[in-house]
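Peer 1: Next comes the sequence, and after it the predicted model I'd like to discuss.
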Amino acid sequence: MTKKKKQADPQTKQVIAELEEAAEKLGMKVRYEKGNFAGGYCLLKQSKLLVINSRNSHDKRIVVLAKCLKEIGIDDVYLKPHIREIIEKESRRKMKDEVEEEAEA
């Protein structure tokens, strides 16, 4: 018996497409690869890449895309308000997680 991949709803697919478009506006290529990693931003032979694990759920893909875009900087590019809001929300979540980790240490 084979596992069926869970299909994303159209709204989630649209958010992913808009985040990918934002990455392209910033001069980055988005690639989906299999492996033992979540994903992130890197440089490869002068090319800006955003590599995302193709095994990630659609929600996790949104998180990785949003966090990477925030790290790179989105101030100089036009983004739809709801996309900018998603990126800011993930950035705040990341900062909150880091503060909690420091408090536990």
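Peer 2: Right, received. Where do you want to start? Numbering: from 1, shown residues only.
Peer 1: Every contact and neighbour count from this point should use C-alpha atoms.
Peer 2: Noted.
Peer 1: where do the strands sit along this structure?
Peer 2: 28-33, 39-44, 47-53 (DSSP state E).
Peer 1: Same list as before, these that is, but in a markdown table and with mean neighbour count included.
Peer 2: Formatted as a markdown table, these follow (neighbours: other Cα atoms under 10 Å):
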| stretch | mean neighbour count |
| --- | --- |
| strand 28-33 | 16 |
| strand 39-44 | 15 |
| strand 47-53 | 19 |
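Peer 1: With mean pLDDT and distance to A17 added, can I get those strands in CSV?
Peer 2: As requested, the strands of the chain are exported to CSV (pLDDT from 0 to 100; distance: least, Cα to Cα, whole Å):
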stretch, mean pLDDT, distance to A17
strand 28-33, 90, 10
strand 39-44, 74, 17
strand 47-53, 86, 14
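Peer 1: what sits up against stretch 10-17?
Peer 2: Stretch 10-17 has contacts (Cα atoms under 8 Å, 6 or more residues apart in numbering) with H58, D59, R61, I62, L65, I83.
Peer 1: One more pass at 7 Å, please.
Peer 2: Outside stretch 10-17, the residues within contact range by Cα atoms under 7 Å, 6 or more residues apart in numbering are I62.
Peer 1: Likewise for stretch 70-84?
Peer 2: Here stretch 70-84 makes contact (Cα under 7 Å, 6+ apart) with A22, I87, S91.
Peer 1: Now do the same contact list for the residue most central in space within the chain.
Peer 2: The chain has L65 as the residue nearest its centroid, 1.0 Å off, counting by Cα atoms, centre = their mean. Contacts for L65 (Cα under 7 Å, 6+ apart) come out as L19.
Peer 1: On the pLDDT front, check it for me.
Peer 2: On pLDDT, L65 comes in at 91.
Peer 1: again, but for D75
Peer 2: 86.
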